[in-house]
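> quick one: sequence and predicted model below, then my questions.
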Amino acid sequence: MNFLQTADSVRYQRMTSAELRENFCMEGMFRAGELNLTYTDVDRALVGAAVPLKHQPLSLPTHKELASDYFCERREVGVVNLGESGRVEVDGKSYVLAPLEFLYISRGSRTVNFFSDGDTPAEFYLVSYPAHRETETVHVTMDKANTVELGSIEGSNERVIYQAICPGVVDSCQLVMGVTRLSKGSVWNTKPPHTHRRRTEVYLYFDFPEDERVFHFMGQPHETRSLPLAPKTAIASPYWSIHSGAGSCNYSFVWAMGGENQQFDDMDHLSLGDLG
């Protein structure tokens, strides 16, 4: 397991791009035949990817740092499939996840295994937060998610937000998770930007060509920084940081949040004029 110790709200201002990347980004997670995890100090979020090969399932392990007998002993997990159709088996029950389908795995689930049934593997992206109660494991297809259309072509930010793991859809403990897809001709997400001190967030950018980039904006509103991110790069956003991006083309991103409040619109809004 890798470890990501993020910089504080003062130190990041003096960092180079390479140092910012080292402190906030998770790159190279999606490797065929591997399950890779990163433990962050951003609300103790665990972020990872599992890319099982055909007839070679991968199991979600526990680690010394979790001090638990099994991974979900005190944790909940959100999973979304970014590859071909695959299966996730939780305590012996199998869930088939088509592309962009989600699985919420409850605290108390003892075994979690990932499978690819075809020659082209599934690509499971997962985010986990500590949980204080057991609920129920739930498979969420796109038609079950709350769908919100925002933005406009004129503002270069026409997008559809799919709220998959959230109140009213899944009874999670603190995890809120979904995916946002930008329309062709739109490049801005989360415009105007915002912060939310009551929870932290992790973004994973995907669904754009390898030679294109999304420029992720971060930092305190009066002192922002940006990083160009390749496809399937995740970035942790502490409570004090904005989290917004503009791409060289349209793209999609998975967002996952954990903290005190699960309300999606619990934001402290900013204007572009507030940024420095």
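Yep, that arrived.
> which SS class is Asn23?
Here Asn23 is recorded as helix under DSSP: H, G, I helix; E, B strand; the rest coil.
> ok, the residue lying closest to it once chain neighbours are set aside - contacts?
Distance criterion Cβ to Cβ, 6 or more residues apart in numbering; nearest residue to Asn23, sequence neighbours excluded, is Ala7 at 4.7 Å. Just so you know, the C-beta spots here come from the backbone N, C-alpha and C atoms, and that holds for glycine as well. The contact partners of Ala7, by Cβ atoms under 8 Å, 6 or more residues apart in numbering, come to 15, 19-20, 23-24.
> which stretches in the stretch 101-250 of the chain count as strands?
102-105, 112-116, 124-130, 138-140, 146-150, 159-165, 176-182, 188-189, 194-195, 199-206, 214-220, 223-229, 233-237, 242-247 (DSSP state E, counting those that start in this stretch).
> quick check: buried residues in the fourth one?
In other words, strand 138-140. Within strand 138-140, the residues scored as buried using 16 or more other Cβ atoms under 10 Å are 138-140.
> quick one, what contacts Pro130?
Pro130 neighbours (Cβ under 8 Å, 6+ apart): 44, 74-75, 174.
> for the stretch 151-276 of the chain, which spans come out with low pLDDT?
194-199, 259-274, 276 (pLDDT under 70).
> want to throw the buried residues of strand 138-140 into CSV with distance to Gly86?
Converted to CSV, the buried residues of strand 138-140 look like this (distance: Cβ to Cβ, whole Å):
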residue, distance to Gly86
Val138, 17
His139, 13
Val140, 15
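> between the residues you listed, which is nearest Arg159?
Using Cβ to Cβ, Val140 is the member of the buried residues of strand 138-140 that lies nearest Arg159, at 19.3 Å.
> thinking again about what came up before, which one of the contacts of Pro130 sits in the busiest neighbourhood?
In terms of neighbour count, Arg75 stands highest of those at 24 neighbours, by other Cβ atoms under 10 Å.
> next up, the contacts around Gln13.
Counted by Cβ under 8 Å, 6+ apart, Gln13 has contacts 219, 223, 225.
> again but with Lys54, I slipped
Here Lys54 is in contact with 116-119, 121 (criterion: Cβ under 8 Å, 6+ apart).
> what residues are bridge-paired with it?
Beta-bridge partners for Lys54, by DSSP bridges, are Ser116.
> so the residue lying closest to Thr6 once chain neighbours are set aside versus Val42, what's the distance?
Spatial nearest neighbour of Thr6, chain neighbours left out: Asn23 (5.4 Å); criterion: Cβ to Cβ, 6+ apart. Separation of Asn23 from Val42 (Cβ to Cβ, to the nearest Å) stands at 11 Å.
> between these two, what contacts are shared?
What both Asn23 and Val42 touch, as defined by Cβ under 8 Å, 6+ apart, is the set 4, 6.
> those two: who's more crowded?
Val42 (22 against 16).
> hang on, the more buried one packs against Tyr203?
No: in this structure, Val42 is not within contact of Tyr203 by Cβ atoms under 8 Å, at 11.7 Å.
> before we move on, back to that, name the member of the contacts of Ala7 with the most neighbours.
Result: Phe24 is most packed of the contacts of Ala7 (other Cβ under 10 Å), 25 neighbours.
> retrieve the pLDDT associated with that one.
Looking at Phe24, its pLDDT is 94.
> need the contact list for it.
4, 6-7, 218, 227, 235-237.
> so who does the closest residue to Ser186 other than its chain neighbours touch?
Setting aside the residues directly before and after it, Ser186 is nearest to Glu158 in space (Cβ to Cβ, 6+ apart), at 4.5 Å. The contact partners of Glu158, by Cβ under 8 Å, 6+ apart, come to 149-152, 182-183, 185-186.
> recalculate using a threshold of 7 Å.
Residues near Glu158 by Cβ atoms under 7 Å, 6 or more residues apart in numbering: 151-152, 183, 186.
> out of the residues you listed, which is most surrounded?
Among the contacts of Glu158, Ser186 has the most neighbours (other Cβ under 10 Å), with 23 neighbours.
> hmm, which two among the contacts of Glu158 are most spread apart?
Going by Cβ to Cβ, the pair spanning the contacts of Glu158 furthest: Ser152 and Ser183, at 9.5 Å.
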